[in-house]
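Chemist: need a structure here:
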Amino acid sequence: MFLKDYWYVAAWSHEVGREPSARRILDVPVLMYRQEDGVATAIDDRCPHRRAPLSMGRILGDDVECGYHGMRFGPGGACTHIPGQEKIQAAAKTPAFPLVERHGFLWIWIGNEEMADREQVIHFWPPTYCFLEMNVRPAGATDPKENRRMVVLSPITPETEKSHHQFLCFYRNFELDNEELTKTMMDEIHRTALEDTEMLEAQQRNMDADPPGFTPINLRVDQGPIAARRMIETLLAEP
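Modeler: Presented below is the predicted three-dimensional model:
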């Protein structure tokens with residue numbers, strides 16, 4: 001019934017404080033509260049013991065204490081204390097949900113936690129420098145150390161009006177000593193570049209055969225390339 005692998009607004013930032021705050025989201029009972037350092041956290045609002053609502057308990061430090069039998073759970077959902085029992089079994093935990101604070105809201109991820117956050121930004125500088133930056137991290141992660149950054153630098157130098165030289169450079173900030181990973185990633189980038197070459201050459205042949213005055217349609221995804229072309233046209237028009 002729901003699109004789960006998306007971010008949803010769970011609450012206004014000011015709604016969640018040091019007291020337990022309960023809300024049902026995508027038909028899941030969720031408990032939200034702030035840790036002592038002010039960071040907001042979200043866990044399933046059901047104690048794994050007898051399913052009592054954890055929101056009916058109290059916040060102790062960074063943990064929530066179940067109001068029924070006194071079990072305590074940390075921000076990650078793991079049990080940290082069981083009254084009258086020293087050993088805590090691995091099953092004594094409740095699901096935790098990524099919760100991120102942005103723009104006055106608390107955003108929650110109810111879906112698959114492996115569906116890592118990803119952003120891709122392409123920078124362009126005249127005349128022909130492209131800088132592709134990709135950042136991948138676990139969903140909801142806020143620690144910069146968890147960020148996996150990959151960069152592709154692609155300088156292009158014209159050969160003729162219809163051909164060019166392209167140079168590919170790849171950088172990353174993780175597993176720098178993993179030679180096998182380096183080779184795999186470079187092979188993939190090279191394979192992608194060869195696929196692009198085949199398509200670009202086919203496009204050029206069709207463009208050469210187009211009738212005079214033909215104008216291709218543009219899509220929303222073309223906004224970046226169009227802006228780059230306009231920058232170059234502006235520079236070419238300068239005296």
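
Chemist: tell me which residues of stretch 17-35 are tucked away?
Modeler: 20-21, 23, 25, 28, 30-34 (16 or more other C-beta atoms under 10 Å). Every C-beta, even on glycine, is put in place using the N, C-alpha and C of the backbone.

Chemist: Just the ones of those residues in strands?
Modeler: The strands, defined by DSSP state E, take in 21, 23, 25, 28, 30-34 from the buried residues of stretch 17-35.

Chemist: Report the distance from the lowest-mean-pLDDT helix or strand in the chain to the chain centre.
Modeler: Using mean pLDDT, DSSP states H and E, strand 117-125 stands out as the lowest-scoring helix or strand of the chain, at a mean of 83. Strand 117-125 sits 12 Å away from the centroid of its parent chain (C-alpha atoms, centre = their mean, to the nearest Å).

Chemist: Then stretch 30-50?
Modeler: The chain centroid and the centroid of stretch 30-50 are separated by 22 Å under C-alpha atoms, centre = their mean.

Chemist: Let's see the distance spanning that stretch from one end to the other.
Modeler: 16 Å (C-alpha to C-alpha, to the nearest Å).

Chemist: all helices in this protein, in order from the N-terminus.
Modeler: 179-209, 223-237 (DSSP state H).

Chemist: And this protein, what are its domain boundaries?
Modeler: For the chain, automatic domain parsing gives the domain ranges 7-109, 117-207+216-237.

Chemist: among the ones you listed, which gets the worst mean confidence?
Modeler: Lowest mean pLDDT within the domains of the chain: domain 117-207+216-237, at a mean of 86.

Chemist: Run through the bridge partners of Thr160.
Modeler: In this entry, Thr160 is beta-bridged to Ser163, by DSSP bridges.

Chemist: neighbours around it, how many?
Modeler: Using other C-beta atoms under 10 Å, Thr160 has 6 neighbouring residues.

Chemist: before we move on, what about Ile108?
Modeler: The burial count for Ile108: 24, using other C-beta under 10 Å.

Chemist: Quick check: closest non-adjacent residue to it.
Modeler: Take Ile108 and drop its neighbours on the chain: the residue closest to it by C-beta to C-beta, 6 or more residues apart in numbering is Ala10, 3.9 Å away.

Chemist: and the residue sitting nearest the centre point of the chain, how far is that from Glu146?
Modeler: Residue closest to the average C-alpha location in the chain (C-alpha atoms, centre = their mean): Asp117, at 1.5 Å. From Asp117 over to Glu146 the distance is 10 Å, taken as C-beta to C-beta, to the nearest Å.

Chemist: who touches both of the two?
Modeler: Common contact partners of Asp117 and Glu146 (C-beta atoms under 8 Å, 6 or more residues apart in numbering): 137-138.

Chemist: Among the domains of the chain, show me which one is buried the most.
Modeler: The highest mean neighbour count among the domains of the chain, using mean count of other C-beta atoms under 10 Å, belongs to domain 7-109: a mean of 17.
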